[in-house]
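1. this one's sequence-less:
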């Protein structure tokens, strides 16, 4: 007998399960059935691709038994099975990024954390919502020894060697008092039909059924004889292989809940059958809520790959572009070899064509949803708009489709897309104007917008961090140029600068020293005293942009800004006649910090900033 302590994260998870306030506890059965189905999928693939498994009998089925008097629910599968090392790896530690994200989102509030179960699902551990004790007896296909995993969810588990005739896994749940529906044949059958009807393997439930009496039995004994008998209770059809007309919305929804391990309905789905040069079927789902690992570096794909209904793999990132990583579902190809490896997946031309076509299909369907159901699309965009934007940088072939999906804020509107912006452009306007940053309110008040406001020109407010990375790569929408406001110069902006203004710019530069690359006289500011302009020809600027686009946030080279001044502002007019060099230096540096804040940057040195402000205030009183 070997006793083990659960990984710390598992202990957290088990504590939540044992004390769960989640009302929809029946999902544990969906999770365990799904695990059994996956185990049979894996063995099915090995029996047709691996010589070591050719002679192993593959008779896929899931069996459920209820032992009411002992309060036991037993779930058995004829899948790949596990040895003692597998039991430790799969049931004693956390490997999946989604589970890690789930734990990171836990707040310690049991009621709130319990609701996370519905958004995410927690696989095997959900059994402890309804069971005081769980035993897992398993024998790995092709091996002689079998093992039993035992735990009451109290922080530890033990693994003992225990006999089992055939390969596969048998899970025994000791159902808690008060959870009687899970030892009721009627309830269990309904739960299976609700969640697992389209699991592609037969599910059998042991039922008590009446049988006819043998001939000649005495008439006075009229009590019918009852025996235990296994009956198949699911359709066992691969939903994605059926015609769309034969599938109800409810069936689509329940299948999503099974493959996405979610209790929520999907927002939308796309079911496609392609025949011709390529032969494949896809069933893609758009979730209502973003997966918890969406922005983790170790995010996991929610797609499963099948070849002629034979499960090949799940979690492969190669099946759709990264910016569509929120999509859940199935790809089933008739053209790939069954023994396809992960390396082949990465370089397979057939799969690349399926990937390209599928991405276009998803984007097209989202475009249709945007036109037909704005409320549903707003729900989608709130969760995944930021992710979709990543495609502007990575998927040049679909850039126009992606641009049509985007929704922005602007100076004039809370919600606007590029098509509408273009339709509402002024008659003389030839470009789409935008400003990027990370704070919407600061951007709307930016000095860079003064000349646009004066001309009553609308400007797109791109206030997400991803915007600063991807939009420099986007130069046109259709045939209309997109321009950052700092790159726009109107014909009526004067280029003549007086000697007095040049002297003032030199005075400010001397006060700032190496803090700025250059001080220029602005031809566009009308109210604000200063504004920061990036020197886009600076090699450091170009390197910084490139590193940001590569996702790097460290070791970015410092880019010294260009400061533009407005000599007509009251502050600069007074500064031009000021002879106190220390005060000139304090005012100039305070203005630079102000410009940095408007640019969405931080003040370099808060202590010095406060000391300067105090000195300036003191001399002004």
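-> Great, that's in hand. Bear in mind that the values here come from a model prediction, so they are computed numbers and not experimental data.

2. my guess is residue 512 meets residue 519, correct?
-> Yes - in this structure, residue 512 is within contact of residue 519 by Cβ atoms under 8 Å, at 6.9 Å. For the C-beta atoms, the positions are set from N, CA and C on the backbone; glycine is no exception.

3. where do the helices sit along the stretch 101-250 of the chain?
-> Secondary structure of the stretch 101-250 of the chain, counting by DSSP state H, counting those that start in this stretch: helices at 110-120, 185-195, 249-260.

4. pLDDT of the longest one, averaged?
-> Averaging pLDDT along helix 249-260 yields 91.

5. buried sites along it?
-> Using 16 or more other Cβ atoms under 10 Å as the test for burial, helix 249-260 gives 251-252, 254-260.

6. next one: stretch 513-525
-> Judged by neighbour count (16+ other Cβ under 10 Å), stretch 513-525 contains these buried residues: 515-517, 519-525.

7. what is the nearest of those to residue 43?
-> Relative to residue 43, the closest of these is residue 517; by Cβ to Cβ it sits at 65.2 Å.

8. so that closest one versus residue 571, what's the distance?
-> Here residue 517 is placed at a distance of 22 Å from residue 571 (Cβ to Cβ, to the nearest Å).

9. now swap in residue 578 and tell me
-> From residue 578 over to residue 571 the distance is 10 Å, taken as Cβ to Cβ.

10. likewise for residue 37?
-> Using Cβ to Cβ, one obtains 71 Å as the distance from residue 37 to residue 571.

11. what do you get for residue 66?
-> In terms of Cβ to Cβ, residue 66 sits 82 Å off from residue 571.

12. for those two, indicate the residue with more neighbours.
-> Counted by other Cβ atoms under 10 Å, residue 66 and residue 571 do not tie: residue 66 has more neighbours, with 22 against 16.

13. what sits up against stretch 592-612?
-> Stretch 592-612 is contacted by residues 437-439, 442-443, 445-447, 512, 515-516, 528-532, 561, 563, 586, 589-590 when judged by Cβ atoms under 8 Å, 6 or more residues apart in numbering.

14. model confidence over it, on average?
-> Per-residue scores along stretch 592-612 average to 86.

15. over to stretch 303-318?
-> On average, stretch 303-318 scores 84.

16. check whether the nearest residue to residue 314 once chain neighbours are set aside sits in a helix, strand or coil.
-> Once flanking residues are discounted, residue 314 sits nearest to residue 304: 4.4 Å by Cβ to Cβ, 6 or more residues apart in numbering. On the three-state scheme (DSSP: H, G, I helix; E, B strand; the rest coil), residue 304 is labelled strand.

17. what's around residue 304, how many residues?
-> For residue 304, the neighbour count with other Cβ under 10 Å is 22.

18. and if you look at the one 5 residues further on?
-> Number of residues near residue 309 (other Cβ under 10 Å) recorded here: 15.

19. my guess is it meets residue 241, correct?
-> Yes - in this structure residue 309 lies within contact range of residue 241 using Cβ under 8 Å: 6.6 Å.

20. joint contacts of these two?
-> With contacts taken as Cβ under 8 Å, 6+ apart, residue 309 and residue 241 have residue 332 as neighbours in common.

21. care to break this protein down by domain?
-> Using automatic domain parsing, the domain parsing of the chain gives 2-214+226-232, 239-385, 408-487, 499-620.

22. please convert those to a markdown table, extending it with distance to residue 401.
-> Below are the domains of the chain laid out as a markdown table (distance: least, Cβ to Cβ, whole Å):
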| stretch | distance to residue 401 |
| --- | --- |
| domain 2-214+226-232 | 28 |
| domain 239-385 | 4 |
| domain 408-487 | 12 |
| domain 499-620 | 21 |
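
23. to residue 493, which of the ones you listed lies closest?
-> The closest of these to residue 493 is domain 499-620. By Cβ to Cβ, the value is 4.3 Å.

24. what about the helices in the stretch 501-621 of the chain?
-> Under DSSP H, counting those that start in this stretch, the stretch 501-621 of the chain gives helices at 539-549, 570-577, 581-598, 606-620.

25. which one, of those helices, ends up nearest to residue 504?
-> Nearest of the helices of the stretch 501-621 of the chain (Cβ to Cβ): helix 570-577, 4.7 Å.

26. what average pLDDT does the closest one get?
-> The average pLDDT within helix 570-577 is 90.

27. quick one: work out the angle between that helix and helix 581-598.
-> Put simply, helix 570-577 runs at 150 degrees to helix 581-598, going by axes from the mean of the first three to the mean of the last three Cα atoms, to 10 degrees.

28. and stretch 413-422, how far apart are its ends?
-> Terminal residues of stretch 413-422 lie 14 Å apart, using Cα to Cα, to the nearest Å.

29. lowest-pLDDT helix or strand in this structure?
-> Least confident element among the helices and strands of the chain, by mean pLDDT, DSSP states H and E: helix 110-120 (a mean of 49).

30. surely residue 385 meets residue 409?
-> No - using Cβ under 8 Å as the test, residue 385 is too far from residue 409 to be in contact (11.6 Å).

31. name the residues that touch the helix or strand containing residue 450?
-> Assigned by DSSP states H and E, residue 450 belongs to helix 450-454. Helix 450-454 is contacted by residues 411, 433, 458-459, 485, 488, 490, 493, 524-528 when judged by Cβ under 8 Å, 6+ apart.

32. would you pull up how far the helix or strand following it lies from the middle of the chain?
-> Counting by DSSP H and E, the next helix or strand C-terminal to helix 450-454 is strand 460-462. Computed by Cα atoms, centre = their mean, to the nearest Å, the chain-centroid distance of strand 460-462 equals 24 Å.

33. pLDDT of strand 460-462, averaged?
-> Strand 460-462 comes out at a mean pLDDT of 96.

34. strand partners (parallel or antiparallel) of that strand?
-> Next to strand 460-462 in the sheet, as set by DSSP bridges, lie strand 409-410 (antiparallel), strand 432-436 (parallel).

35. tell me the most buried of the ones you listed?
-> strand 432-436 (a mean of 21; mean count of other Cβ atoms under 10 Å).

36. starting at the chain centroid, how far to that one?
-> 27 Å.

37. residues in contact with that strand?
-> Contacts of strand 432-436 (Cβ under 8 Å, 6+ apart): 408, 418, 421-422, 425, 443, 446, 448-449, 452, 457-463, 467-468, 471, 477, 480-486, 488.
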